[in-house]
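A.B. asks: Mind folding the following:
(2 chains)
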Amino acid sequence: MKIEARALIKIFPAPPFSGSQPLCALAGLDLEAGPGVLGVEGANGSGKTTLFKTLAGIIEADGGAILADGAAAGSGRLRELSVYCPSNPRAFYFRLSAAENLRFFGALAGLSAAQALERAKLLGDRLGLSPADLEKRFDRLSEGNMQKVSLLRSFSRRHPLLLLDEPFRGLDKRACLGLLGLIKEAGKASVVLVSSHSPELLRDAADKIIVMEAGKIKNGGEK
Amino acid sequence: MSAARTIAAFIRRDFLAEKSYRLSFALGALATLANLAVFYFIGRLFGGGLAPHLEPYGTGYFAYVFTAMAFFGYIGTGAGSYAGRLRLEQTQGTLEAALSTPLKTIPFLAAMSAWNFLFASFELVVYALAGIFIFKLDFSAANWPAAALVFALSAACFAALGIISSCFVVLFKRGNPLAWVLNNFEGLLGGVYFPVAVLPGWLLAVSNLLPVTYAVRAFQLAVNKGAGPAALGHDLLVLTVFNIVLIPASVRLFSLAVNRARKTGTLGEY
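C.D. replies: Model prediction:
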C-alpha cells in the first residue's frame, strides 16, 4: 500500500472563553510513503503525534487530503487500514490482565480470542514479555511491560499502515532489539511510520528519516 | 467483524471488571433490598389510603411501587448507562483506543451497555422472586405478552434517550443536562413512586410529554390488571412514536458527536 498526505492541515480550536489561540499542529504537510519503515523525527510539539493520529483516522484533518493507493481515504477508511500505537501505554483496562486486554482489543479489530492470544504469546516472546506477565493484571505491570503490551496490541493486528509513536519509550535493551526486529519485518509488507527522540534507535529502525518542524516536513525532504 | 463478537467481548470485559469489585456488587444487592423494604413499610403504614388513585391499577401501594421500581430499574439502565460507561472510558483513557479500531457506531452502542442490561435483567429476576416469595405479591392477573411488549418498547426508547444523553459526555465531558433531567424528573413525573393522577394539572401536562409516563402506566396495567394490547393501545402508540423518532435520532446524534470530537481532537480528553 502507498499512503499520501497532501497539504494536510490540522488546527485545534482554543477552548471556549479560554482567551488562548487555536493551535496549528499540521500546517500543510505533504508526505508519501510506501511499504518500508519511515522514521519521523522532530522536537516536542512539532506535530508528530497529530500526524500519526490523523493518518490513523482518530482525528480528522481540517484541510488537505489523505490518499491510500491513490484513492481518497476518510477517517473511517483509515481506521480500517491503520493501527496506531500511542506514546502513552496506559490506554488499557487496569483491572483486567494483559491477556484479557489484548483479547478485548483484538475482538474490536476482528481477531478471534484464539488468534489474539496466540499472537500475544508469539510477539510477547520477541519483546521479552513472558506468558506469566501476560496473565498479570495490567496495573501490576511495570511501565516498560505496559509499553510492551501496547506494542503487542498494535503488531498483532497486521494492518497495512502501522503508526508507532515513540515505541521505544521505557523499553529495556532486549525489548528494543526485539522491537527493531518486529519493525523490520512489518516494513516488508506494510507502511510503518516510527517516531522517536533517540536518533540512534530511529536510524536502526528506519530506511528513511524525515524531520518535522512546526507542523511540516522540514525543508520538504528526508534526512 | 460480527456485532455478536463485539458484544460478547464487551460483556466479558465488563463482567471481569465488575467481578474485581466484589464488595460493590454485594452492597448494590443490599441497597436494592433496603429500598424495597422502605416501600413495603410505607405501604403497610398507609394501607389502602391511596386507593382512589390506585383503583385503575387494581392494586395496593406496595404492589404498585414494587412493579414500577422493578420496571423503571430496568428501563432506567438504558437511560443512565451509556453516559456512565462513556465517561468511565474517557477517564480510563480507553475511549480513544476503542474508537481507533474499525468498530462501527451501531455495534459499539449495542455492545457498550450490553453488560448493564444483562445485569439489570438479573436484578429484575431477583425483584420478581422477592416479590413472589418474600412479599407474597399476586401476579396471577398479569398479561405477560402485553407486559413484554411494553417492556421492549420502553427499554428501546430509554436506551435511545441514554444514547442522546451520552452525546453530551462525548462533547462536553462533564455537565450533562439530559442526564440531570432523566435522573431528577423521570421518577417524580413519570408515575414511578405514585400514580401521576395525584399531580397538579400543570405538572400532569409536563408528565404527559415524557415517555416514562406511558411506559410505567402501560406496564402497571398489564401486570396488575391484565390489560392487553387493545386496552393499552394509546400508550403503546405513543411509545412507538417515541421510538420511531428517538432511535434513529440517537444513533445519528452519537455519530455526529464522535465526529465532532475527532474534528476538535478531544476524543481522548476527559
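A.B. asks: Give me every residue in chain A lying close to chain B.
C.D. replies: A:10, A:12-13, A:50, A:53, A:56-60, A:62, A:75-76, A:79-80, A:84, A:86, A:88, A:90-96, A:100, A:103-105, A:107-110, A:112 (Cβ under 8 Å from any Cβ of the partner chain). In this view, the C-beta of every residue, glycine as well, is placed from N, C-alpha and C.
A.B. asks: Skipping adjacent residues, who's closest to A:Leu129 in space?
C.D. replies: The spatially closest residue to A:Leu129, leaving aside those adjacent along the chain, is A:Lys148, at 4.5 Å (Cβ to Cβ, 6 or more residues apart in numbering or on different chains).
A.B. asks: Can you report how many residues neighbour that neighbour?
C.D. replies: 28 (other Cβ atoms under 10 Å in any protein chain shown).
A.B. asks: what residues are up against residue 199?
C.D. replies: As the question left the chain open, I've gone with chain A. By Cβ atoms under 8 Å, 6 or more residues apart in numbering or on different chains, the contact set of A:Pro199 is A:Glu41.
A.B. asks: meant chain B actually
C.D. replies: B:189, B:207 are the contacts of B:Leu199 under Cβ under 8 Å, 6+ apart.
A.B. asks: Next one: it relative to B:Val206, how far apart?
C.D. replies: The gap separating B:Leu199 from B:Val206 is 8 Å, by Cβ to Cβ, to the nearest Å.
A.B. asks: Could you tell me which residues touch both of those two?
C.D. replies: In contact with both B:Leu199 and B:Val206: B:Leu189, using Cβ under 8 Å, 6+ apart.
A.B. asks: now for whichever strand or helix holds B:Ala128, which elements pack on it?
C.D. replies: Element membership for B:Ala128, per DSSP states H and E: helix B:114-129. When contacts are defined as 3 or more Cβ pairs under 8 Å, 6 or more residues apart in numbering or on different chains; DSSP states H and E, helix B:114-129 packs onto helix B:3-19, helix B:22-46, helix B:61-92.
A.B. asks: The residue nearest to A:Leu129 touches A:Gly124, doesn't it?
C.D. replies: Yes. Using Cβ atoms under 8 Å, A:Lys148 is in contact with A:Gly124, at 7.0 Å.
A.B. asks: Now do the shared contacts for the two.
C.D. replies: Counting by Cβ under 8 Å, 6+ apart, the residues touching both A:Lys148 and A:Gly124 are A:Asp133.
A.B. asks: Give me the below-cutoff pLDDT ranges for the chain.
C.D. replies: Picking chain A for this. Residue ranges of chain A with pLDDT under 70: A:220-223.
A.B. asks: My question was about chain B, not that one.
C.D. replies: In chain B, residues with pLDDT under 70: B:1, B:25, B:46-51.
A.B. asks: so what's the closest residue to chain B within chain A closest to, chain neighbours aside?
C.D. replies: Chain B sits closest to A:Ala107 of chain A, with a gap of 3.5 Å, by Cβ to the nearest Cβ. Nearest residue to A:Ala107, sequence neighbours excluded (Cβ to Cβ, 6+ apart): B:Ala9, at 3.5 Å.
A.B. asks: close enough to count as contact, the one you found and A:Phe104?
C.D. replies: Yes. If you go by Cβ under 8 Å, B:Ala9 and A:Phe104 touch, sitting 5.3 Å apart.
A.B. asks: Between those two, which has more neighbouring residues?
C.D. replies: Neighbour totals were compared for B:Ala9 and A:Phe104, and A:Phe104 leads with 25 against 22 (other Cβ under 10 Å).
A.B. asks: what sits against the more buried one?
C.D. replies: A:Phe104 neighbours (Cβ under 8 Å, 6+ apart): A:93, A:96, B:9-10, B:12-13.
A.B. asks: Just the buried positions in the helix holding B:Ala128, please.
C.D. replies: B:114-117, B:119-120, B:123-124, B:127 (16 or more other Cβ atoms under 10 Å in any protein chain shown).
A.B. asks: swap in stretch B:133-153?
C.D. replies: Applying a neighbour-count criterion of 16+ other Cβ under 10 Å, the buried positions in stretch B:133-153 are B:135, B:137, B:142-143, B:146-147, B:149-151, B:153.
A.B. asks: Mind checking which of the residues you listed are in helices?
C.D. replies: Counted as lying in helices by DSSP state H, out of these, are B:146-147, B:149-151, B:153.
A.B. asks: Count the neighbours of residue 161 for me.
C.D. replies: The chain I'm using is chain A. 22.
A.B. asks: that answer is for a different chain, and I need it for chain B
C.D. replies: Count around B:Leu161 with other Cβ under 10 Å applied: 27.
A.B. asks: For it, which non-adjacent residue is closest in space?
C.D. replies: Spatial nearest neighbour of B:Leu161, chain neighbours left out: B:Ala79 (5.2 Å); criterion: Cβ to Cβ, 6+ apart.
A.B. asks: Tell me who's in contact with that neighbour.
C.D. replies: Neighbour list for B:Ala79: B:158-159, B:161-162, B:165, B:179, B:182, B:186 [criterion: Cβ under 8 Å, 6+ apart].
A.B. asks: out of these, who has the most neighbours?
C.D. replies: Busiest of the contacts of B:Ala79 [other Cβ under 10 Å] is B:Gly162, holding 29 neighbours.
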